[in-house]
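Novice: next one to model:
(chains A and B)
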Protein chains: 2
Amino acid sequence: MSLSGCDAERNPAMFDEFLSNSKSWLNGKGPSSGIVFSSRIRLARNLAAYPFVGRASFQQKNQILKKIQQAHAQIPLLSRALYLRMTEIEDVDKQFLLERHLVSREHLTSPRGRGLLVSRDEKIAVMINEEDHLRMQAVTSGFNLQECWELLNSIDDRFSKTVGYAFSPELGYLTACPTNVGTGLRGSCMLHLPALVLTKKINKILDLLTKISFTIRGLFGEGTQALGNFFQISNQVRLGLSEREIIENLTGVVNQVKSQEMDARRFLLRKYKLKMEDGVWRALGLLRNCRLVSTQESLEHLSMLSLGLDLGIIKDSHLCEKGKGRELLNNLFLSVHPAHLQKIEHKVLNEKERDSVRADVLRERLSPC
Amino acid sequence: MSLSGCDAERNPAMFDEFLSNSKSWLNGKGPSSGIVFSSRIRLARNLAAYPFVGRASFQQKNQILKKIQQAHAQIPLLSRALYLRMTEIEDVDKQFLLERHLVSREHLTSPRGRGLLVSRDEKIAVMINEEDHLRMQAVTSGFNLQECWELLNSIDDRFSKTVGYAFSPELGYLTACPTNVGTGLRGSCMLHLPALVLTKKINKILDLLTKISFTIRGLFGEGTQALGNFFQISNQVRLGLSEREIIENLTGVVNQVKSQEMDARRFLLRKYKLKMEDGVWRALGLLRNCRLVSTQESLEHLSMLSLGLDLGIIKDSHLCEKGKGRELLNNLFLSVHPAHLQKIEHKVLNEKERDSVRADVLRERLSPC
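Specialist: Numbering: from 1, shown residues only, chains lettered A, B, ... in the order given. Predicted structure coming up:
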């Protein structure tokens, strides 16, 4: 891949850093991280001086890109960020960014005039010229929407001062799609709900959430299945609600789902202890021994291991060094995806080759210490 | 259990000896033992001085039992044999004998007036008053019908001299069922045919064998499914054929099936090497990690391990000490059955408990050295 960088950041090994285990949003140390994999907030913003992306010329988009490139260097949280133009990213790297939830699928499909900023810890990502001029996101480990908000708010303030937002005192921030007008804020939590799936309670809960205007997605956004028992719950943006209210509403709902999942886990442990132990250990046995495994199957087994770790059926020491079990699993939840495997192997792999490499990676990382 | 013994052989720990790993018919060292698990020959004989079992009184059956009890002590191969009256055996031990192929199901269901002789190495077993007065069997490791025949022939000669067989110079040995008249001999080989099952060629071959008058059974005789990919091939006894001809016919057919299985194994290894490796290692991973497992599932995985050992995918050293892999698996093929587990644990276990104990036994015996 080639990287178009600011400053001296033209580093082709940049994404290798992303693959390391040191990302704080993956370390599993956030609040309730046994159930809430990650929290995420995004803000949609537009520059007052330019038409919305859909109506902007290529030249105008380029000007926006340049403005953001200049502005970000002045923002402490983003000063060392990676700046990328989407046209300069190779296919496997685009897929890699998608698998790490750093870009939307839409942002990749027509890359012309589009860009991306990613902080080194991957906590902050800013899509430039996606649906809006700026789509800023912050992500944190566990159930921690507040930290996301604080991070984004500070960046938002700084951008606001230098680039000049489209803002109406009456409506709030103006956005390309009317549903985002107001705060331009959308919050989401990625929940790991294996016990609600095993006890077959999940569909009822998801139906209910949908009825009260929350959106449920899979591991990779709209239309993706609930791979690995992950469910992303997000609020539908509502005109007239403040940032605080939106975050509080989402927090309340996630707390309720979390509590249901905890009840279901306690029920399983009480009624089906041996069956749960069997399932968790089988998952470990399969991942430690398979020679071919699909993404979907590996996510199912990793989900069981993660549940096993939460329930105390397996301990960190069964997997790796003390205190690192959740971080290992969280990283594996990403590493089993196609682009990650190709980045790990540094070569293009077809599906069959990926199934084999995936098994090798899992076997190696999950081998007993 | 209680054992009614000859000499000083009233030993309640007798069946514990059967559970040890030292049985030569299970050591996997016989010819072609990667495919032919065991060879077996049985002879049906009747005492001239008594009516057939179906027509004999209880008193007469008792006299026959006594005659055989006295006679066997004079036969070198049987002098140290265990002598049992079927009425004195507890249910779990009956099931245990069945699982070890030392008695027929029929011999257990109405035990009155019936007995059993078993040599210490389990190579020879004599059912007394089953369908015929004597049903003698010899079993050896691998493809070795000749050794079975030599063992049985020597015992048969000795019994013949002391108990007086019902014999017609015209028809040969007289038996209760006309299909056994003549030699009273039936030979069988237990074949492990996973590759013919995986390549879906097995049914065609079994159909063909049936058409040319061979009988196919599962691991536990008529009506049992092909558990663990085991198929017992036996000849239909034919009036007019000599012992040598019967054994030669069976040998020829088993050789052909063996050769087909070898072809199928080569094909799988050539075309689906990684898939086979995956299957074998997954089987090992599951058996080493499960906490609950049924007989059927464990036999499936053991079958894969056995195939993996034959194909060189796993080595003895992955399972146990060098040169002992096949013996370990052969013993496990028996140990996973209900009565074996109860003998190992020295207590009565319900189905759920057995699934748990079975997993424990497999995990323990298959743990890496």
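Novice: quick one: name the residues of the stretch 251-369 of chain A near chain B.
Specialist: Contacts of the stretch 251-369 of chain A with chain B, taken as CB under 8 Å from any CB of the partner chain, map to A:274-275, A:277-278, A:281-282, A:284-293, A:356, A:359. The way it works is simple: take the backbone N, C-alpha and C, and place the C-beta from them, glycine included.
Novice: buried residues in the lengthiest helix in chain A?
Specialist: Criterion DSSP state H: the longest helix present in chain A is helix A:243-271. For helix A:243-271, burial by neighbour count (16 or more other CB atoms under 10 Å in any protein chain shown) applies to A:243, A:246-247, A:249-251, A:253-254, A:257-258, A:260-262, A:264-265, A:268.
Novice: for the stretch 51-200 of chain A, which segments count as strands?
Specialist: Under the criterion DSSP state E, counting those that start in this stretch, the stretch 51-200 of chain A carries strands at the ranges A:82-85, A:115-118, A:124-128, A:134-141, A:167-168, A:172-173, A:185-192.
Novice: what angle do the helix or strand hosting residue A:282 and helix A:243-271 make?
Specialist: With elements taken from DSSP states H and E, the one containing residue A:282 is helix A:273-289. Calculated by axes from the mean of the first three to the mean of the last three CA atoms, to 10 degrees, helix A:273-289 forms an angle of 110 degrees with helix A:243-271.
Novice: give me the residues contacting helix A:273-289.
Specialist: Contacts with helix A:273-289, where a contact means CB atoms under 8 Å, 6 or more residues apart in numbering or on different chains, come from A:268-269, A:293, A:298, A:300-302, A:304-305, A:307-308, A:311, A:313-314, A:318-319, A:362-363, A:366-368, B:281-282, B:284-293, B:356, B:359.
Novice: farthest-apart pair in the buried residues of helix A:243-271, please.
Specialist: Spatial extent of these (CB to CB) is set by the pair A:243 and A:268 at 37.2 Å.
Novice: any idea which residue sits dead centre in chain A?
Specialist: Compute the mean C-alpha point of chain A, and by CA atoms, centre = their mean the closest residue is residue A:101, 4.0 Å away.
Novice: so what's that one up against?
Specialist: With contact set as CB under 8 Å, 6+ apart, residue A:101 has these partners: A:40, A:139.
Novice: what does residue A:241 give?
Specialist: Taking CB under 8 Å, 6+ apart, one finds A:182-183, A:249 in contact with residue A:241.
Novice: and chain B, which of the residues you listed contact it?
Specialist: By CB under 8 Å from any CB, no member of those lies near chain B.
Novice: parallel or antiparallel, which strands does the lengthiest strand in chain A pair with?
Specialist: Looking across chain A with DSSP state E, the single longest strand is strand A:36-45. As defined by DSSP bridges, the strand partners of strand A:36-45 come to strand A:134-141 (antiparallel), strand A:185-192 (antiparallel).
Novice: turn those into a markdown table, including distance to residue A:69 and mean pLDDT.
Specialist: Shown next, in a markdown table, are the strands paired with strand A:36-45 (distance: least, CB to CB, whole Å; pLDDT from 0 to 100):
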| stretch | distance to residue A:69 | mean pLDDT |
| --- | --- | --- |
| strand A:134-141 | 12 | 96 |
| strand A:185-192 | 24 | 96 |
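Novice: a markdown table for the ones you listed, including distance to residue B:31?
Specialist: Shown next, in a markdown table, are the strands paired with strand A:36-45 (distance: least, CB to CB, whole Å):
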| stretch | distance to residue B:31 |
| --- | --- |
| strand A:134-141 | 62 |
| strand A:185-192 | 55 |
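Novice: turn the ones you listed into a markdown table, columns for mean neighbour count.
Specialist: Below are the strands paired with strand A:36-45 laid out as a markdown table (neighbours: other CB atoms under 10 Å in any protein chain shown):
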| stretch | mean neighbour count |
| --- | --- |
| strand A:134-141 | 25 |
| strand A:185-192 | 24 |
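Novice: so for residue B:33, which of those sits nearest?
Specialist: strand A:185-192 (48.1 Å).
Novice: mind listing residues that contact the closest one?
Specialist: A:34-44, A:143, A:145, A:148, A:180, A:219, A:228-235, A:237, A:243, A:246-247, A:250, A:254, A:257-258, A:261, A:303, A:306-307.
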